[in-house]
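Novice: Sharing a model prediction with you, sequence too.
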Amino acid sequence: AQKVTQAQTEISVVEKEDVTLDCVYETRDTTYYLFWYKQPPSGELVFLIRRNSFDEQNEISGRYSWNFQKSTSSFNFTITASQVVDSAVYFCALSEDYNFNKFYFGSGTKLNVKP
Amino acid sequence: DAGITQSPRYKITETGRQVTLMCHQTWSHSYMFWYRQDLGHGLRLIYYSAAADITDKGEVPDGYVVSRSKTENFPLTLESATRSQTSVYFCASSETTGGIEKLFFGSGTQLSVL
């Protein structure tokens, strides 16, 4: 079974629309970390956010917001008023218990924002 | 320039040849990683290193060899390249301070094995 599932392979929206990228994870550990990374067309992955399993507070950073719900094992990412520069592949990742060998990436969601 | 650099950016090789992908970081990060990115699989960990002379296998280590004689360098060698190793390879580094910190990625090496 996949540890991190990003069911949306590709999403297309028009600029200024809001869009939510889904991430569902699976772990038996009580301590774990969740991440989102952005991979723009240039190729390099860029860190966006890290949350630990003890902090379920939602977070907002400008147009970006993250909804962490342990009850549904989800860590969804919403972009408000999307822009063309948001076009990228977004990866959700899970790290279990301080172990880099247990660092799992989802398969990614490609977001296309059209003008 | 500071950061993490990979070379070459693109590489074409033939089945059976040995290929080495280079990775260099200037932050003195303890941890370094090699991932491969394939469509439908996201990123999968090949090898990682916690410090100089300490390396360990990840999820897909077969056919790859790594070394880390210096903290700043972490080369990945394909001993006898196969077509299934055609992929985009990313090197990453991280400084851990008691937990799992974010990863810093290089720009990737696109490898084609013919």
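Specialist: Right, received. Where do you want to start?

Novice: quick one: average confidence on the lengthiest strand in chain B?
Specialist: In chain B, assigned by DSSP state E, the strand with the most residues is strand B:42-51. Average pLDDT, strand B:42-51: 90.

Novice: Tell me the buried residues in it?
Specialist: For strand B:42-51, a neighbour-count test (16 or more other C-beta atoms under 10 Å in any protein chain shown) marks B:42, B:43, B:44, B:45, B:46, B:47, B:48, B:49 as buried. Glycine gets a C-beta too; all of them are placed from N, C-alpha and C.

Novice: Who does that strand pair with, and is each partner parallel or antiparallel?
Specialist: strand B:31-38 (antiparallel), strand B:54-57 (antiparallel) (DSSP bridges).

Novice: Buried deepest among the ones you listed, which one?
Specialist: A comparison of the strands paired with strand B:42-51 by mean neighbour count, using mean count of other C-beta atoms under 10 Å in any protein chain shown, puts strand B:31-38 on top with a mean of 23.

Novice: thinking again about what came up before, could you dump the longest strand of chain B to CSV, C-alpha only?
Specialist: The C-alpha coordinates for strand B:42-51 follow below in CSV (Å, rounded to 0.1, in the frame of the first residue of the first chain):
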residue,chain,number,x,y,z
GLY,B,42,7.0,10.3,-7.4
LEU,B,43,10.4,10.3,-5.8
ARG,B,44,12.0,7.1,-4.5
LEU,B,45,15.0,7.0,-2.3
ILE,B,46,18.0,5.2,-3.7
TYR,B,47,20.7,5.8,-1.0
TYR,B,48,21.3,8.2,1.8
SER,B,49,24.2,9.2,4.0
ALA,B,50,24.1,10.5,7.5
ALA,B,51,27.8,11.7,7.5
